[in-house]
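Undergrad: Let's see this in three dimensions:
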Amino acid sequence: MLTAVLRTGLVMASIMGCAGAPAVAPASAQGAVSEAEGAASKAGSPSPLPALVDALLVPPGRPRGTLSIVFVLDGLRPDSINPVVTPNLARLRAEGVSFAASHSVFPTVTRVNAASIATGNYPARHGIIGNTIFVPAVDAAAPFSSGDYLKLRELERASGGQLLLTRSLGELLAESGKKLAVVSSSGNGCAYLLNHRARDGVGVLINGLLEPGKVVALPSALNDTVLQRFGPSPTREGLGAGAVDWAGRVLTEYVLPELGPDVVLNWITQPDSAQHTHGPGSAEGVAAIANADRNVGLVLEKLRALGRYETTNVFVLSDHGFALNDFAVDLGDSLVKAGLKASATSDDVVIASSQTLKLHVKGHDRHQIRAIVEHLQRQPWTDAIFTHAAEGGAAPSELGFVDGTFSLGLIHHDSAARGADILVSFAWTSDVTPHGLRGVSTRDAFDGVAGPVKEGSSGHGSMSPWDVRNTWFAWGADIKRGATSPVPVANVDLAPSVLALSGVRVADLDGRIVAEAFEGGPDVEKVPFETRSLLVENATTGYRAALSVSDVGRHRYIDKSWRVSTGTAAAPAPARRDPSAR
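TA: As a prediction, this is how the structure comes out:
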């Protein structure tokens, strides 16, 4: 098994390629560090760098702001923001601190990132590992959608009341006497993950789709008030403007002036669904983005009217990026035909899709896992593959126990409670789409139709930089002015940063405080971080893959993965249409 690590060394500025994708310097510039050399380094004195970086990233002084508002625009690519379509977002980004090396949490899908935003932790700790998840206590033979509020309630009951396996932002604020208000136009599963304890009176959750026309707000004491004053929410059909506008009205006319929250999380469901159908950069996607920006502007106007504009901190992020899909794969059918799964509905191998596929092998049979991985490695549509860590060694391995795989722990997915045995990401390219944006990827045949997909169909979920790179910037009373930070950040950093601006410090979160964005914090160009690429190979299957990660102190960010060409085809390539052809 080939293992190499390409290191940048200690860097003081971001190593970034064109269009925001992390770049890997040539091996001649970086050198290669063998597995043995890496182990020898670990065996010596521990590096003081993580502790030094953590000490550097401490928020200075007492915050001036009295309110934090988080806008999450579902599926907004950072290159979709411009002064013409999004004047409010463009101004906030230019005036505040923009993060050029932002990261969606992997898999780059909505509910995984909703849980990470809500907890400040990665999937291995919060337990929501995909848009569909397999938990035998809920369904012994099949996965279920984490986008279904009622299914999440089943999971909550099956887990002894623990929907999320760590405390949430709402709970952490409540412990310090502060209130979170979530106002979301998303699907009900996503909304519930953002503040599930609102049911018990911990903060507020408003979502018109919880039980449409019946339950639109938690705790229940608020429900009648919201329904009487604002009526039921429109659906998310079409461009979803009705649902977005309804939530915006509730926020500006009720939550901000009357409920007195300390932190507001406003999840705007668009442009996600418009882009899924028509593609990022499409006229429909642009219209959805413009309406989302208009709603952000209305909130800013309300803050001015309430006299709170100058004492508010604003964070704007998206849950993930977006890419055009050009080919769909039916993994279940592939495994059945290879004799590795008994039937499409058998429980010997359960496949949960999040556009990155998670495979649960009955009994965690290592021989079966190895056979499935080697089959996947021979397919042209796979990207990086992950299994449980190889055993042995003084430190947790970055390699999986099957040759040619990375470890699930490396990407924060080694969940004992709800984790998978195999995780596989799909292939991608940086080809230009018909709408002029880069990013094309293979997807799961979730609709039952494998092969070339219809024009416009788009998605996310992979480890492509076009899915990983999301929107992330901050503006406000305690935020520096007019800076662009090269330091990596991710959605997992939102909760600790908002807590810090609320005067609440929590030491055991996976995320970090983005102190370099705060007034009085370290210079954004003087925060050390390291970017490195790991290579793996399975000589038996002829498979090679690479994974790029960035480390800021003890915090690891997953930049991208890609299949490395071996010069010979392991299997015939599927027929693909030209993504730039209309």
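Undergrad: In terms of pLDDT, where does Ser346 sit?
TA: Per-residue confidence (pLDDT) for Ser346: 96.
Undergrad: And what about it, helix, strand or coil?
TA: coil (DSSP: H, G, I helix; E, B strand; the rest coil).
Undergrad: That one and Arg366, how far apart?
TA: 19 Å (CB to CB, to the nearest Å). Backbone N, C-alpha and C define where each C-beta goes, glycine included.
Undergrad: State whether Glu455 is indeed within a strand.
TA: No - per three-state DSSP, Glu455 lies outside any strand segment and is coil.
Undergrad: what's the neighbour count on it?
TA: By the measure other CB atoms under 10 Å, the count of residues near Glu455 is 14.
Undergrad: repeat for Gly332
TA: Gly332 has 21 neighbouring residues, counting by other CB under 10 Å.
Undergrad: What strand or helix carries it?
TA: Assigning secondary structure by DSSP states H and E places Gly332 in helix 331-337.
Undergrad: now Ala500
TA: Secondary structure from DSSP H and E places Ala500 in helix 494-501.
Undergrad: and that helix, how far out from the chain's middle?
TA: 17 Å (CA atoms, centre = their mean, to the nearest Å).
Undergrad: That one: which residues count as buried?
TA: Going by neighbour count (16 or more other CB atoms under 10 Å), the buried part of helix 494-501 is Leu494, Ala495, Pro496, Ser497, Val498, Leu499, Ala500, Leu501.
Undergrad: Adding pLDDT, write those out as CSV.
TA: Output for the buried residues of helix 494-501, formatted as CSV (pLDDT from 0 to 100):
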residue, pLDDT
Leu494, 98
Ala495, 98
Pro496, 97
Ser497, 97
Val498, 97
Leu499, 97
Ala500, 95
Leu501, 96
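Undergrad: which helices and strands sit right next to the helix holding Ala500?
TA: Counting contacts by 3 or more CB pairs under 8 Å, 6 or more residues apart in numbering; DSSP states H and E, the secondary-structure elements packed against helix 494-501 are strand 67-73, helix 110-119, helix 169-175, strand 312-317.
Undergrad: rewinding a little: how about residues contacting the helix holding Gly332?
TA: In this structure, residues lying in contact with helix 331-337 by CB atoms under 8 Å, 6 or more residues apart in numbering are 341-344, 349, 351, 357, 372, 375, 379, 424, 444, 450.
Undergrad: Name the next helix or strand downstream of the helix holding Ala500, please.
TA: strand 530-538.
Undergrad: strands paired with that next one, and their directions?
TA: strand 3-7 (antiparallel), strand 543-552 (antiparallel) (DSSP bridges).
Undergrad: Now do the SS call for Trp475.
TA: Trp475 - assigned by three-state DSSP - is strand.
Undergrad: What ranges does the stretch 301-450 of the chain have for its helices?
TA: 331-337, 366-377 (DSSP state H, counting those that start in this stretch).
Undergrad: okay if I get those helices as JSON lines plus mean pLDDT and distance to Ala55?
TA: Shown next, in JSON lines, are those (pLDDT from 0 to 100; distance: least, CB to CB, whole Å):
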{"stretch": "helix 331-337", "mean pLDDT": "97", "distance to Ala55": "45"}
{"stretch": "helix 366-377", "mean pLDDT": "98", "distance to Ala55": "41"}
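Undergrad: Point out the most buried one among these.
TA: Comparing these by mean neighbour count (mean count of other CB atoms under 10 Å), helix 366-377 ranks first with a mean of 19.
Undergrad: just to revisit the earlier point, between the helices of the stretch 301-450 of the chain, which one is closest to Glu398.
TA: Closest approach to Glu398 among the helices of the stretch 301-450 of the chain (CB to CB): helix 366-377, 16.6 Å.
Undergrad: Packing partners of the closest one?
TA: Here helix 366-377 touches helix 331-337, strand 357-361, strand 382-387, strand 422-426, going by 3+ CB pairs under 8 Å, 6+ apart.
Undergrad: For Thr132, name its beta-bridge partners.
TA: Taking DSSP bridges as the rule, Thr132 bridges to Ser145.
Undergrad: can you tell me how far it sits from Val250?
TA: Per CB to CB, Thr132 is found 29 Å from Val250.
Undergrad: for Arg505, same thing?
TA: 31 Å.
Undergrad: if you count what's nearby, which of those two comes out ahead?
TA: Neighbour comparison, Arg505 and Val250: the larger count goes to Val250, with 24 against 14 (by other CB under 10 Å).
Undergrad: Next up, the contacts around Gly400.
TA: Gly400 touches Ile385, Phe386, Thr387, His388, Ala389, Ala390, Phe406, Ser407, Leu408, counting by CB under 8 Å, 6+ apart.
Undergrad: Give the burial count for the last one, as a bare number.
TA: The burial metric for Leu408, expressed as a neighbour count using other CB under 10 Å, is 24.
Undergrad: Regarding the nearest residue to it once chain neighbours are set aside, what are the backbone dihedral angles?
TA: Of all residues beyond its chain neighbours, the one nearest Leu408 is Asp414 (4.5 Å), with distances taken as CB to CB, 6 or more residues apart in numbering. Main-chain torsions, Asp414, degrees, to the nearest 10: phi -90, psi 60.
Undergrad: quick one: Asp414 and Ser407 touch, right?
TA: Yes - at 7.2 Å, Asp414 counts as touching Ser407 under the criterion of CB atoms under 8 Å.
Undergrad: Give me the common contacts of the two.
TA: Common contacts of Asp414 and Ser407 (CB under 8 Å, 6+ apart): His388, Ala389.
Undergrad: show me where pLDDT drops low in the stretch 151-300 of the chain?
TA: Scanning the stretch 151-300 of the chain with the threshold set as pLDDT under 70 gives 236-239.
Undergrad: thought Phe529 was touching Val489?
TA: No - Phe529 is not in contact with Val489 according to CB under 8 Å; the separation is 10.5 Å.
Undergrad: Who has more neighbours out of these two?
TA: The neighbour count for Phe529 versus Val489, taken as other CB under 10 Å, is higher for Val489 (28 against 23).
Undergrad: hang on, isn't the more buried one packed against Phe99?
TA: Yes - under the criterion of CB under 8 Å, Val489 makes contact with Phe99 at 4.7 Å.
Undergrad: circling back to that earlier point, okay, the angle between the helix holding Ala500 and helix 110-119?
TA: 20 degrees (axes from the mean of the first three to the mean of the last three CA atoms, to 10 degrees).
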